[in-house]
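[1] Structure, please.
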Amino acid sequence: MNPYVLLVLLSSLGLGTTLTFASSHWLLAWMGLEINTLAIIPLMAQHHHPRAVEATTKYFLTQATAAALILFAGTTNAWISGTWDMTDMSNPLANAMIIVALALKIGLAPMHLWMPEVLQGLDLTTGLILSTWQKLAPLALIMQTAQNINPALLTALGLSSTLIGGWGGLNQTQLRKILAYSSIAHMGWMIIVLQYAPQLTLLALLTYILMTSAAFLTFKMFSTTKINSLATIWSKTPILSVTAALVLLSLAGLPPLTGFMPKWLILQELTKQDLPMTATIMALAALLGLYFYLRLCYSMTLTISPNTNNSAAPWRINSAQSSLPLALVTTSALTFLPITPAIMMLTT
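    This next block holds a predicted model:
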């Protein structure tokens, strides 16, 4: 892709998200989301492969449906209450439509079906943008309207997302689909605590972005998209394969890695709110995710020569990818747990 075109598209991504962040008017927020969607569409379709075109089409139709729902909900609320202000959502129907549309935007269950299919058709760099940056604007809107949303609806979305995100990843062999179900599960953790402690949602989002970026950049460095091709990694880059396994365990939420921090604090907050059953279900759902992350770690560390490997051996060429971003996000994804008290002081 022409670097000037790429610069315009990336600038538009930043502009759309910033516009949504800064707006308190539903029309401006909708415009920001549309700029965001239209900017990422060419990035998704830049590789003229049938799977990429199919994924781009699915993503466009899904996001257009969600945007139409948002516009319709904002118009309905303005018709009844006379204001386009996000914080003044007095109509229950408009509230329900807004949360359904934003859940569709970020891939919350049961509106998640597009996410694994779309991510599977993209290259790892665009998949990273879709899994991290594209979540920011809809989550900002959900946080601004959370006080008007039925708490039971948010709890149901969070529980279903963590369960389906864990359950859906069990049977996958494609790394991008596994990361898609991981994204769905992590979104569930963020949504369920939003009504009680929004700062924990931000903390969970930050750690999710760091860990997911580390996972995507690691797989990009390995040039791998399937589980069975992970078996050839150890003999080429043993240190990177160790850090990759630790990043995956951090995504699973195992101590003493960074991913344990948001899960621990969210479960603590749920028990403070007298929701022990909800906290128990969330903790059990995390075990489902742990299982498929352990499958990936097994493939990387235990399935090595002289065992039979069913994947074709890749050419041993040096990657052109810069290792500095990978080093920074990997270090963050592995070592932030000890500074949890300092982070909590900053967020409260």
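[2] Packing partners of the longest helix anywhere in the chain?
    Determined from DSSP state H, the single longest helix within the chain is helix 50-81. Packing partners of helix 50-81 (3 or more C-beta pairs under 8 Å, 6 or more residues apart in numbering; DSSP states H and E): helix 26-44, helix 92-106, helix 114-120. The way it works is simple: take the backbone N, C-alpha and C, and place the C-beta from them, glycine included.
[3] and Leu246, which of those is closest to it?
    Leu246 lies closest to helix 114-120 among the helices and strands packed on helix 50-81, at 22.8 Å (C-beta to C-beta).
[4] Quick one: residues contacting the closest residue to Val242 other than its chain neighbours.
    Sequence neighbours aside, Thr301 is the residue nearest to Val242 in space, at 7.7 Å (criterion: C-beta to C-beta, 6 or more residues apart in numbering). By C-beta atoms under 8 Å, 6 or more residues apart in numbering, the residues touching Thr301 are 234, 241-242, 245.
[5] wait, which of the residues you listed is closest to Lys58?
    When the contacts of Thr301 are compared for distance to Lys58 (C-beta to C-beta), Ala245 wins out at 31.7 Å.
[6] roughly how far apart are the nearest residue in space to that closest one that is not next to it in sequence and Leu249?
    Spatial nearest neighbour of Ala245, chain neighbours left out: Cys297 (4.3 Å); criterion: C-beta to C-beta, 6+ apart. Distance, Cys297 to Leu249, using C-beta to C-beta, to the nearest Å: 7 Å.
[7] Show me which of those two is the more surrounded one.
    With neighbours defined as other C-beta atoms under 10 Å, Cys297 and Leu249 compare such that Leu249 has more, 22 against 19.
[8] Return the distance of the helix or strand hosting Met221 from the chain's centre.
    Met221 belongs to helix 198-222 when assigned by DSSP states H and E. In this view, helix 198-222 has its centroid 8 Å away from the chain centroid, taken as C-alpha atoms, centre = their mean, to the nearest Å.
[9] Can you point out the buried residues in it?
    Going by neighbour count (16 or more other C-beta atoms under 10 Å), the buried part of helix 198-222 is 198, 200-222.
[10] Mind giving me the packing neighbours of it?
    Using 3+ C-beta pairs under 8 Å, 6+ apart, helix 198-222 is in contact with helix 124-131, helix 133-145, helix 175-192, helix 238-252, helix 260-272, helix 323-335, helix 340-347.
[11] sorry, back to before: the longest helix of the chain vs helix 26-44, what angle?
    Interaxial angle of helix 50-81 relative to helix 26-44 (axes from the mean of the first three to the mean of the last three C-alpha atoms, to 10 degrees): 180 degrees.
[12] Show me the domain layout of this protein.
    1-149, 152-310+322-348 (automatic domain parsing).
[13] Export the ones you listed as CSV, with columns for mean pLDDT.
    Listed next are these as CSV, based on pLDDT from 0 to 100:
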stretch, mean pLDDT
domain 1-149, 91
domain 152-310+322-348, 88
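[14] that older thread, and of the helices and strands packed on helix 198-222, who's closest to Leu154?
    Here helix 175-192 is closest among these (C-beta to C-beta), at 5.7 Å.
[15] Return the angle between stretch directions for the closest one and helix 124-131.
    If you take the same axes, to 10 degrees, helix 175-192 sits at 20 degrees to helix 124-131.
[16] tell me what helix 175-192 is packed against?
    Applying 3+ C-beta pairs under 8 Å, 6+ apart, one finds that helix 175-192 contacts helix 114-120, helix 124-131, helix 133-145, helix 151-168, helix 198-222, helix 260-272, helix 276-301.
[17] quick one: the first one to chain centroid distance?
    Spelled out, it's helix 114-120. 12 Å.
[18] can you list contacts of that helix?
    The list of residues contacting helix 114-120 from outside it, by C-beta under 8 Å, 6+ apart, reads 44, 51, 55, 58-59, 62, 107, 127, 130-131, 168, 172, 174, 176-177, 179-181, 183-184.
[19] could you redo the last one with a cut-off of 6 Å?
    For helix 114-120, contacts defined as C-beta atoms under 6 Å, 6 or more residues apart in numbering pick out 55, 58-59, 62, 107, 127, 174, 176-177, 180.
[20] go on, the fourth one?
    Counting by C-beta under 6 Å, 6+ apart, the neighbours of helix 151-168 from elsewhere in the structure are 103, 108-109, 181, 184-185, 187-188, 191-192, 195, 281-282, 285, 288-289.
[21] Okay, angle between that helix and helix 276-301 too, please.
    Using the same axes, to 10 degrees: helix 151-168 against helix 276-301 is 30 degrees.
[22] can you check the second one too?
    Computed by the same axes, to 10 degrees, the angle separating helix 124-131 from helix 276-301 equals 170 degrees.
[23] for helix 124-131, the distance to its chain's centre please.
    Per C-alpha atoms, centre = their mean, the centroid offset for helix 124-131 relative to its chain is 10 Å.
[24] what helices or strands is that helix leaning on?
    The contact analysis (3 or more C-beta pairs under 6 Å, 6 or more residues apart in numbering; DSSP states H and E) places helix 124-131 against helix 198-222.
[25] Quick one: name whatever helix or strand follows the helix it packs on.
    Next along the chain after helix 198-222, taking DSSP H and E as the criterion, comes helix 233-236.
[26] Packing partners of that following helix?
    Judged by 3+ C-beta pairs under 6 Å, 6+ apart, helix 233-236 has no packing partners among the helices and strands.
[27] Next, the buried residues of that helix.
    Those would be 233-234, for helix 233-236 by 16+ other C-beta under 10 Å.
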